[in-house]
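> fold the following for me, if possible:
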Amino acid sequence: MAGETGKILRGQRAKWISFDGEDWTLIGVRMDSESTNMNPDVTNGKDVTGAPYIDHNGFAPESDIDYKPRKEDSIYPQIQKITNELLKDEENCTFKMIVATLDIEVKDTGVKSASGTGYQVDVLCVPQEDGGDTSGYTIPVNFYENGTRVQGTVTVENKKPTFTPAGSGSTGA
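The predicted structure is shown next:
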């Protein structure tokens, strides 16, 4: 990626979610749009002298995903359990998320290896609905970041990520 020019393809920015930290589900399959809402906490104003100011108090990132469950998705059983039982405790609702910007599109990682930079973070899973239209069962879910982003490198083989924290010689997922 270093030294290259041109736009970064959307397929190079990839996101995976896991309940157990070992089996990962690639997010974005059969979706034409997916983003992380940064939810910045910013206040604009003027002080008593008339001077403008901006206070930036940080972010509260969340990923809103129109999740269309597939039986092969490792996250499906736990999301269905949360939905069925209306769970809200951290033990049952905390997942792990890896986000990376790769050197190739993630669709090509079935035949090529990819690498890039990114982060891993714990996220809290909160389903919003249960149902959908006739195109398929859908569980729109929000994943709220619930921890510190750990920066590092991500390698992908057969569409499965491996995360290595920055400054670490060992891999962890």
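> name the element Ile79 belongs to?
For Ile79, the host element (DSSP states H and E) is helix 76-85.
> then that helix to CSV, C-alphas only?
In CSV, the C-alpha atoms belonging to helix 76-85 read as follows (Å, rounded to 0.1, in the frame of the first residue of the first chain):
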residue,chain,number,x,y,z
TYR,A,76,-25.2,-16.5,13.9
PRO,A,77,-26.0,-18.8,16.9
GLN,A,78,-25.0,-16.2,19.5
ILE,A,79,-26.8,-13.3,17.8
GLN,A,80,-29.9,-15.6,17.5
LYS,A,81,-29.6,-16.5,21.2
ILE,A,82,-29.3,-12.8,22.2
THR,A,83,-32.4,-12.1,20.0
ASN,A,84,-34.5,-15.0,21.3
GLU,A,85,-33.7,-14.5,25.0
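> next SSE downstream of that helix?
Where DSSP H and E defines the elements, the next helix or strand beyond helix 76-85 is helix 90-93.
> which positions in that next one come out as buried?
Residues of helix 90-93 classed as buried: Cys93 (neighbour count, 16 or more other CB atoms under 10 Å). (C-beta placed from N, C-alpha, C; glycine too.)
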